[in-house]
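>>> sequence first, predicted coordinates after that:
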Amino acid sequence: MIIILLGPPGSGKGTQANFIQNKLSIPHLSTGDILRQSVKNETDLGNKVKNIMAKGELVSDDLVLDVIKERVSQSDCNLGFILDGYPRNITQAESLNIVLKDIDRNIDRILFLDVDFEVLESRIESRTKENNEEKRADDTSEVLIKRLEEYKIQTAPLGEYYSNNKKFKKINGMKSISEVSLDIENFLNNGI
Ligand code: AMP
């Protein structure tokens, strides 16, 4: 099963992607995680994207397309995968259609975790106050606000782009984590 997980920063995509990964035993592909790992390992890609990511801006479509093409061709993706953080704009959505067509695969579910912007802003505020080891370099309030702005301009239009697709479902991401997981599970099982 090929699943696209959409939603703004702070909507719980990572948490729910882990839930789906455990449920379906398919890999969770997060372009953000892959890029952060490249930055950490100081690869060519990492060096190119480091400053852009630190500012909360989107990396160029060409660079992430290469990342995605390479990743989905690996054997652990044969039974499917969960895309978290890709596509991030309409151009990427169109590229994804081509990539999947080339490997003769289809998108099976498109999940949109819907969270009001006021709720996100307060989640962002509490996230920046957290002091744990997993805290990301781009989790400062200034950068999170920029990431949210990028989302509104570039990524939110994907909701409209996919809205006529029968595989698309908007899920209320403001419920508790377990309630959201349950709604996701129902949609995965029944496609409604
Ligand atoms: P994320 O972990 O999904 O919030 O992504 C963290 C950062 O990685 C974003 O703010 C972007 O700089 C970059 N990034 C991740 N995925 C993409 C993508 N599909 N297109 C462009 N930039 C991306």
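Good, I have the coordinates. Residues are numbered from 1 along each chain as shown.
>>> look up the closest residue to the residue of the chain found nearest the ligand, ignoring the ones flanking it.
Here the chain gets closest to the ligand at one residue, residue 32, 1.9 Å apart by CB to the nearest ligand atom. No exception for glycine: its C-beta is placed from N, CA and C like everyone else's. Leaving aside its sequence neighbours, residue 32 sits nearest to residue 85 (CB to CB, 6 or more residues apart in numbering; 4.6 Å).
>>> what's the answer for residue 46, then?
Per CB to CB, 6+ apart, closest to residue 46 is residue 38, 3.5 Å.
>>> so what does the one helix or strand the one you found maps to touch, helix or strand wise?
Assigned by DSSP states H and E, residue 38 belongs to helix 31-40. With contacts defined as 3 or more CB pairs under 8 Å, 6 or more residues apart in numbering; DSSP states H and E, helix 31-40 has these neighbours: helix 44-55, helix 61-72.
>>> pLDDT score for residue 54?
pLDDT for residue 54: 95.
>>> low-confidence ranges, the protein, go.
Within the chain, the stretches with pLDDT under 70 are 131-134, 192.
>>> how about the residues of it by the ligand?
9, 30-32, 35, 52-53, 56-59, 64, 85-86, 88, 92, 147 (CB under 6 Å from any ligand atom).
>>> got a list of contacts for stretch 97-114?
1-8, 11-13, 16, 65, 68-69, 72-73, 80, 96, 159, 162, 165, 167-174, 180, 184, 187-188, 191 (CB atoms under 8 Å, 6 or more residues apart in numbering).
>>> thanks a lot, catch you later.
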